[in-house]
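Q: would you be able to build a 3D model of this:
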Amino acid sequence: MVFSVVIIGELLAFILTLAPLNMASQRWNNLALISLFIQWNGLMCSAVLCLLRPFIKNYSQQFIAISSYLSILFILALLSELTFYIMQQYAITDIISATSHWEFLTHNLLIGGIISALALRYFYIQHQWRLKIEAESCTKLQLLQARIRPHFLFNSMNSIASLTRTRPDVAERITEDLAELFRMILRDNHELITWSKEKELSQRYIDIEQQRLGERLKIQWHTDTIPDNALIPALLIQPLLENAIFHGIEPEINGGSITVSGEFDSTKLKISIQNTNSKNLVHRQGNKMALSNIRERLHTHFPDNASITCHEKDDIYFAIVTMPYQHKPDE
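A: Next up is the predicted model:
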């Protein structure tokens, strides 16, 4: 914001310097004084508005706009008076030699008032645009999250239902785990969560499926290089594990294996989920909802800086997620 004020002020200084038609050699010397005066006004007005914020932020937008504009005009008048006094005291009269006191004040207030009104309008529109983007992102994340939860819940409930008659004690424990798992999901539904929480969430899901599939499901974790406080979107790994089980492990009589690997450098995380793929071509077909969902959420959280790629090699299916490294300060 301060940078924008400085740029706007300097552009105004160039306009005022270039406005006269005569090509006087003194013009570029005047640019230095005009720039100094405008930047002084711009930064002082910005500082005053920052100081006023706690006192006016709870009022209506109309009151805030009028108060801000009147405060700017007051600062402009005050600094114009001070500038005129300094220029007279130190005989810096190159610019105002033919200008009276009231002409100098009126001239500054008219120009400053017009530019200030345009600047306030620009910053207001920019602020509203930013709020709109944040609201749209929040709504989008809520919709994406809502699409995940029923899908995950139905698959988990199917696992519990299959154990209710044969192993009720295990079904009860899994139900409790599912309740705890969903409490964590609901708590972190709008934010990034730490890798340790995401891994715990995924392991709870694997434990549920392990009760249903038994020895047919084998999983290995090679993610020690990923910091526990690294931040990633909630429910990022679990849908990929669910896809791996549904399309690669469940259709096979002998099951299969899943390997979760992680790579980390100072700026980027790479998480890879590998699973043995099913030889049943019909069962391998999916609606790609999970991948599309993850891709959209990655774009929402990390625009143009994250990706998910999938490929198959030697009957091994790879899903690789790459994203910027953000972290939560250690507690």
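Q: per-domain residue ranges of the chain.
A: As assigned by automatic domain parsing, the chain contains the domains 2-99, 135-324.
Q: would you agree residue 34 is in contact with residue 15?
A: No - taking contacts as CB atoms under 8 Å, residue 34 lies outside contact range of residue 15: 9.7 Å. For every residue, glycine as well, the C-beta is placed using N, CA and C.
Q: circling back: out of the domains of the chain, the one nearest residue 117 is which?
A: domain 2-99 (6.7 Å; CB to CB).
Q: I'd like the distance from the closest one to the chain centre, please.
A: Chain-centre distance of domain 2-99: 34 Å, with CA atoms, centre = their mean, to the nearest Å.
Q: repeat that for stretch 253-273.
A: Per CA atoms, centre = their mean, the centroid offset for stretch 253-273 relative to its chain is 25 Å.
Q: for that stretch, buried residues please.
A: Buried positions in stretch 253-273, judged by neighbour count with 16 or more other CB atoms under 10 Å: 255-262, 264, 269, 271-273.
Q: what about it, average pLDDT?
A: Mean pLDDT, stretch 253-273: 90.
Q: using PDB, write out every CA atom in that stretch.
A: Only the C-alpha atoms of stretch 253-273 are listed here, as PDB (Å, rounded to 0.1, in the frame of the first residue of the first chain):
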ATOM      1  CA  ILE A 253      -7.700 -61.600  -4.700                       C
ATOM      2  CA  ASN A 254      -4.200 -61.300  -3.400                       C
ATOM      3  CA  GLY A 255      -4.500 -57.600  -2.700                       C
ATOM      4  CA  GLY A 256      -1.500 -55.400  -3.200                       C
ATOM      5  CA  SER A 257       0.800 -52.800  -1.700                       C
ATOM      6  CA  ILE A 258       0.800 -49.100  -1.300                       C
ATOM      7  CA  THR A 259       3.900 -47.000  -0.700                       C
ATOM      8  CA  VAL A 260       3.800 -43.400   0.400                       C
ATOM      9  CA  SER A 261       7.100 -41.500  -0.200                       C
ATOM     10  CA  GLY A 262       8.100 -38.000   0.600                       C
ATOM     11  CA  GLU A 263      10.800 -35.600  -0.600                       C
ATOM     12  CA  PHE A 264      11.600 -32.200   0.800                       C
ATOM     13  CA  ASP A 265      13.900 -29.300   0.100                       C
ATOM     14  CA  SER A 266      14.000 -25.800   1.500                       C
ATOM     15  CA  THR A 267      11.200 -24.600  -0.900                       C
ATOM     16  CA  LYS A 268       9.100 -27.600  -2.000                       C
ATOM     17  CA  LEU A 269       7.400 -30.700  -0.900                       C
ATOM     18  CA  LYS A 270       6.800 -33.800  -3.100                       C
ATOM     19  CA  ILE A 271       4.600 -36.600  -1.900                       C
ATOM     20  CA  SER A 272       4.200 -39.800  -4.000                       C
ATOM     21  CA  ILE A 273       1.600 -42.500  -3.600                       C
END
